[in-house]
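# Please work out how this folds:
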Amino acid sequence: MRVAAVGLGAIFWLVPPVGAQTPVQAPMQAQPPAQTQLLPDFADLVERASPAVVNIRTTERATDSPRGPFRRRAPAVPQQPGDEVPRGEGSGFILSADGYVMTNAHVVDGATEVYVTLTDKREFKAKIIGADERTDVALVKIDATGLPSLKIGDAGRLRVGEWVLAIGSPFGLESTVTAGIVSAKQRETGSDVPFIQTDVAVNPGNSGGPLLNIRGEAVGINSQILSPIGSFVGISFAIPIDEAMRVADQLKATGRVVRGYLGIQPIDVPRELAEEYGLAKGKAKGAFVRQVVSGTPADKAGIQPGDVVISVNGKPVDGAVDLRRTLGALKPGSAITLQCNRRGKLLDFKASLAELNPQVAAAATERPEAPVEPRAAGAAKVWGLSVANLTDAERQSLRGANGVRVSAVTGGAEAAGLKAGDVIVAVGTADVTDVKQFEAVVSKLDKNKSLPVTVLRGDWAQFLRIPVLK
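From the prediction side, this is the model:
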């Protein structure tokens, strides 16, 4: 691989203005600092920790449909269905002397065989104890004893700017050590994991290896990079070790992770809605409920799409990821109390959590298409939209929610993303139950300003501002 390096330098001289009378002085002598702080030397740390870091090699059974990184890179290599073919390599680290090894779920996903190689070159066939796709944590076991293991650290004590190291097998180069600093904590990337962000060089093959603090303790599992080219460009992410250990303990005990399930699809609170509801200034707190799945604990408790979950068991909710993480950490059957903001009013709900089924939860989040049949009866043209009263059947399909059906959109309403078939359940913090009430509410608003509405599309809620119709 060719590497191009460009160095740029500039020297600026400070001189007195022309005509200034400045006496000539002897150059200042550099004063030695009272205390010189050297860069850390990681050699002893690496010598202690490296024996507990392993290389993981996986194979999978060949099929007629090529998949996996090996065959994507080498499609010309003929394979017969049923043959074992290389699938990929990754890293891991030994948790206990009796052979438990932690790695990433994506390292062993789809593997038919897993092989663990120690630094002394001994290779063992490993058994997958369990893997959790949601956190990307897996636990495998090799038949060995007296193994060196890593001490588990406290990710919560990490500080931004603190030195950290990665040991792993990037591109198959075993026991490679790289170092950097913690760039950020609690970094959200859309998953349920509050990642540790670092600038430690991490590349394909590092996945599953440990992130170490300067005491040689495992504080994370290297899992992802953010890169437009597929290799390291300065941003890498590690799963905090406390999150990983909670998962590993369950995998070791039962082979799977059990999580509580409420039955909602949350998103972060839109800034405009936070302002409308009078929520905290700055970053909006809470989680906006986009969907309530029928028959789930949330539905039975009375939570509705458009509610904002403010707290769970008195603990403030700091966004959608925080809410999913909080609920997922609770066991099925747990009794919880949720406080919600429903269009400016605080309401308390009690629910008993079900067990999360990832397949069912994923299916429930598929966005339904909105009906588009226009309805003209009782239409009130305001801000570029026409609305109609709901029928009894429509109200029943919305599980008791009230509102008005959007029958046609033009101008500002169309630009805001409204569609025929949407149901407007509130204007600002005011509920609307029919066209007459809708018209009464909007008639009191400044028509030179945008119209704030809470909309249901199928069983999904959304907050929109309809711009002024020109």
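# From now on I want contacts and neighbour counts done on CA atoms only, so please keep to that.
Will do.
# tally of neighbours for Arg457?
Neighbours of Arg457 under the rule other CA atoms under 10 Å: 21.
# let me redo that: Asp120
There are 8 residues near Asp120, going by other CA under 10 Å.
# Name the SS class of the spatially closest residue to it that is not a sequence neighbour, please.
Nearest non-adjacent residue to Asp120, counting by CA to CA, 6 or more residues apart in numbering: Pro51, 7.8 Å away. Look at Pro51: counting by DSSP: H, G, I helix; E, B strand; the rest coil, its state is helix.
# What are the phi and psi values at the spatially most central residue of the chain?
Closest residue to the average C-alpha location of the chain: Ser191 at 2.3 Å, with CA atoms, centre = their mean. With angles defined as degrees, to the nearest 10, Ser191 sits at phi -90, psi -180.
# quick revisit: the residue nearest to Asp120 reaches Arg122, doesn't it?
No - counting by CA atoms under 8 Å, Pro51 does not reach Arg122; the two are 11.6 Å apart.
# Report the contact partners of the residue nearest to Thr296 when sequence neighbours are not counted.
Nearest non-adjacent residue to Thr296, counting by CA to CA, 6+ apart: Gly263, 5.1 Å away. Residues counted as contacts of Gly263 (CA atoms under 8 Å, 6 or more residues apart in numbering) are 292-294, 296-299, 361.
# How about Ala218?
By CA under 8 Å, 6+ apart, the neighbours of Ala218 are 150-153, 210-212, 241.
# average model confidence for stretch 131-146?
Across stretch 131-146, pLDDT averages out at 96.
# What's the end-to-end length of it?
25 Å (CA to CA, to the nearest Å).
# List the buried residues for that stretch?
Using 16 or more other CA atoms under 10 Å as the test for burial, stretch 131-146 gives 131-132, 135-142.
# Arrange those in CSV, one row each, with secondary structure as further columns.
Converted to CSV, the buried residues of stretch 131-146 look like this (three-state DSSP):
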residue, secondary structure
Ala131, strand
Asp132, strand
Thr135, coil
Asp136, coil
Val137, strand
Ala138, strand
Leu139, strand
Val140, strand
Lys141, strand
Ile142, coil
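# May I ask which two of the residues you listed are separated the most?
Thr135 and Ile142 (22.3 Å; CA to CA).
# Wait, Leu118 touches Asn55, no?
Yes - between Leu118 and Asn55 there is a contact under CA under 8 Å: 6.7 Å.
# out of those two, which sits in the busier spot?
Comparing Leu118 with Asn55 by neighbour count (other CA under 10 Å), the higher total belongs to Asn55, at 28 against 20.
# From the contact counts, what lies against the helix or strand that that one is a member of?
Per DSSP states H and E, Asn55 falls inside strand 53-61. In terms of contacts (3 or more CA pairs under 8 Å, 6 or more residues apart in numbering; DSSP states H and E), strand 53-61 is packed against strand 84-94, strand 113-117, strand 163-168.
# Export the contacts of Ala218 to JSON lines and append columns for distance to Ile181.
Below are those laid out as JSON lines (distance: CA to CA, whole Å):
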{"residue": "Leu150", "distance to Ile181": "20"}
{"residue": "Lys151", "distance to Ile181": "20"}
{"residue": "Ile152", "distance to Ile181": "19"}
{"residue": "Gly153", "distance to Ile181": "16"}
{"residue": "Pro210", "distance to Ile181": "14"}
{"residue": "Leu211", "distance to Ile181": "11"}
{"residue": "Leu212", "distance to Ile181": "11"}
{"residue": "Ile241", "distance to Ile181": "17"}
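# Perfect, that will be all.
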